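Participant: I need the structure of the sequence given here:
(2 chains)
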There are 2 protein chains.
Amino acid sequence: EIIAALVADRPRPLHGRRVLVTAGPTREAIDPVRFIGNRSSGRMGFALAEAFGARGADVILVTGPVARPAPAVAELVQVETALEMDAAVMARVADADIFVAAAAVADYRPAEVAADKIKKQMDELVIRLVKNPDILARVAARRPRPFVVGFAAETSQLEQHAVAKLHGKGLDMIAANQVGAEEGGFDAADNALLVLWAGGQHSFPLMPKPQLADRLVDLIVERYLASTPR
Amino acid sequence: EIIAALVADRPRPLHGRRVLVTAGPTREAIDPVRFIGNRSSGRMGFALAEAFGARGADVILVTGPVARPAPAVAELVQVETALEMDAAVMARVADADIFVAAAAVADYRPAEVAADKIKKQMDELVIRLVKNPDILARVAARRPRPFVVGFAAETSQLEQHAVAKLHGKGLDMIAANQVGAEEGGFDAADNALLVLWAGGQHSFPLMPKPQLADRLVDLIVERYLASTPR
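Facilitator: Numbering: from 1, shown residues only, chains lettered A, B, ... in the order given. Reported below is the predicted structural model:
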């Protein structure tokens, strides 16, 4: 409601544009009850979806399992695994003008999923993991492609990792945040971001995620409009 | 509120008794952002804590990370890992008259926790897991000990696994439910239970968890009162 009030009188620069946003964690099943997950709360992705909607975009939100109500969007797609998120994104990305990958997609999934619950006879257990598809890189490699914004959650060497990801995956923009620190990041109400693109960067200080999403979306819109026609 | 209304005129058979309840999943960190979790929602444990409170007990609720408001209890202890849950239970069990282990404690945790986020250079990754303490068995092995109620979530051979767990761990009672099935169990609003004890058993059909918890607590109180003094 705060965002709605803030943007009530704003222009709608994304009217008629489609924005595809991913949010939340993915869960990779080990067996019917256990899974590998991560601490993404979906807060940032949901706030971004809402902020894009407030600027007139048709928003498609693809989200992993989170414990918060989804914002009103043109299309909401709920998935659990990285493979499901990949399929949901690939089925919708051709029509997207902007793609924002705010989900914390599991990089690996168990090589085999046990059909029955694993019993605990053994003192040690080894889980073999295989790589999941890199959804962000797959979208960035498409031609034509949308304006592609990635996120980097890092526990150390924030800028170096973010620059490497921006160039390595060929993104238009990357928003990097420190996780595992005292404040901000995953599963927190506040966050700070270092945003990088070819030829520029901007730091947002620690602030509530809805406010941060609002300011980040202004920056994305600015860069997106400066870059089109693509 | 439904339970409160139902039990408003009930006797308080547990007045002055302390009941220790565990609820929810545990999370076992792989690195600062990834963890091994399970699908426990905390619904059943929270409903049990509420039902024990309604019967006059002083309830201590030890819960893993769940996305629902905790009921009003005498003491609420929020933990994340199995080791933390073990410590919280062991510090409080000496004073407990009844112990109900409704938490889905992770049987295994990663042998090493990476200090930094694991990067995804490798095509495959192997996670070595070691066994967590068996909190339920540890409580059941104490002398003196509280009246001990365990849960068994099984994907197959429900009764056989439950009987083995009842005798193997020396429990007073076990409540077994099928998981991974179409209905009921983990992260569902409804559940069905097969309850076993030395010399008896009772089946509760599929029903909402608050109602099921209420009926299960009646059965626990009946068996507990029949078994004391211990």
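Participant: tell me, what residue is most central in chain A?
Facilitator: Centroid-nearest residue in chain A, with Cα atoms, centre = their mean: A:A102, separated by 1.1 Å.
Participant: so the closest residue to that residue other than its chain neighbours: helix, strand or coil?
Facilitator: Once flanking residues are discounted, A:A102 sits nearest to A:G45: 3.5 Å by Cβ to Cβ, 6 or more residues apart in numbering or on different chains. Quick note: C-beta positions are derived from backbone N, CA and C, even for glycine. The local conformation at A:G45, judged by DSSP: H, G, I helix; E, B strand; the rest coil, is helix.
Participant: distance of A:G45 from A:V148?
Facilitator: 15 Å (Cβ to Cβ, to the nearest Å).
Participant: again, but for A:I118
Facilitator: 39 Å.
Participant: neighbour-wise, which of those two wins?
Facilitator: A:V148 (24 against 18; other Cβ atoms under 10 Å in any protein chain shown).
Participant: hmm, who's touching the helix or strand in which the more buried one is found?
Facilitator: Using DSSP states H and E, A:V148 sits within strand A:147-154. The contact list for strand A:147-154 (Cβ atoms under 8 Å, 6 or more residues apart in numbering or on different chains) reads A:44, A:97-102, A:104, A:136, A:139-140, A:158, A:161-162, A:165-166, A:169-179, A:185-186, A:220, A:223-224, A:227-228, A:230, B:33, B:117.
Participant: distance between it and the chain's centre?
Facilitator: 7 Å (Cα atoms, centre = their mean, to the nearest Å).
Participant: before we move on, what about stretch A:210-229?
Facilitator: Here stretch A:210-229 is found 15 Å from its chain centre; the criterion is Cα atoms, centre = their mean.
Participant: can I get that stretch in CSV? Just the C-alpha atoms.
Facilitator: Extracted C-alpha coordinates of stretch A:210-229, given in CSV (Å, rounded to 0.1, in the frame of the first residue of the first chain):
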residue,chain,number,x,y,z
PRO,A,210,9.8,-2.4,-1.0
GLN,A,211,11.6,1.0,-1.1
LEU,A,212,14.7,-0.5,-2.5
ALA,A,213,12.7,-2.4,-5.2
ASP,A,214,11.0,0.9,-6.1
ARG,A,215,14.3,2.7,-6.6
LEU,A,216,15.9,-0.3,-8.4
VAL,A,217,13.0,-0.4,-10.8
ASP,A,218,13.4,3.3,-11.6
LEU,A,219,17.1,2.6,-12.5
ILE,A,220,16.1,-0.5,-14.6
VAL,A,221,13.5,1.5,-16.5
GLU,A,222,16.0,4.3,-17.1
ARG,A,223,18.6,1.8,-18.5
TYR,A,224,16.0,-0.2,-20.4
LEU,A,225,14.6,2.9,-22.2
ALA,A,226,18.1,4.1,-22.9
SER,A,227,19.0,0.8,-24.5
THR,A,228,15.9,0.2,-26.7
PRO,A,229,15.2,-0.4,-29.5
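Participant: give the buried residues for that stretch.
Facilitator: Of the residues in stretch A:210-229, those buried by neighbour count under the rule 16 or more other Cβ atoms under 10 Å in any protein chain shown are A:210-214, A:216-217, A:219-221, A:223-224.
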